[in-house]
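In: No sequence on hand, only this structure:
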């Protein structure tokens, strides 16, 4: 896969967020590839055999941030 970096930020209702996460979950369960639309561009992202998941949660009492990060090797091996 070519080098790229994209950031996508949207304002969503909880239901819309759940629908996007469900789409990702189905693609992961099926073995991919992930079909993403980022910056109005459709990307097909191949999945690796092993994925790493990172979850970060923080709060300052007013705002809650939850980040979910998935990573894997483009060659299909262990992401390290």
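Out: Alright, I've got the coordinates. Quick caveat: nothing in here was measured; it's all calculated off a predicted structure.
In: quick one, helices of this protein?
Out: In the chain, the helices defined using DSSP state H lie at 14-30.
In: Give the residue spans of it that score low on pLDDT.
Out: Low-confidence segments of the chain, defined by pLDDT under 70: 1, 76-80.
In: Out of all residues in it, which is the farthest from the middle?
Out: Seen from the C-alpha centroid of the chain, the residue lying at the greatest distance (Cα atoms, centre = their mean) is residue 61, 26.3 Å away.
In: Please report the distance of that residue from residue 55.
Out: Residue 61 is 20 Å from residue 55, where distance means Cβ to Cβ, to the nearest Å. From N, CA and C alone the C-beta is placed, and that goes for glycine too.
In: With residue 7 instead?
Out: Counting by Cβ to Cβ, the gap from residue 7 to residue 55 is 19 Å.
In: State the number of residues packed around residue 38.
Out: 13 (other Cβ atoms under 10 Å).
In: With adjacent residues omitted, what lies nearest to it?
Out: Leaving aside its sequence neighbours, residue 38 sits nearest to residue 6 (Cβ to Cβ, 6 or more residues apart in numbering; 4.1 Å).
In: for this structure, what spans make up the strands?
Out: Along the chain, counting by DSSP state E, strands occupy 34-38, 41-45, 52-59, 64-71.
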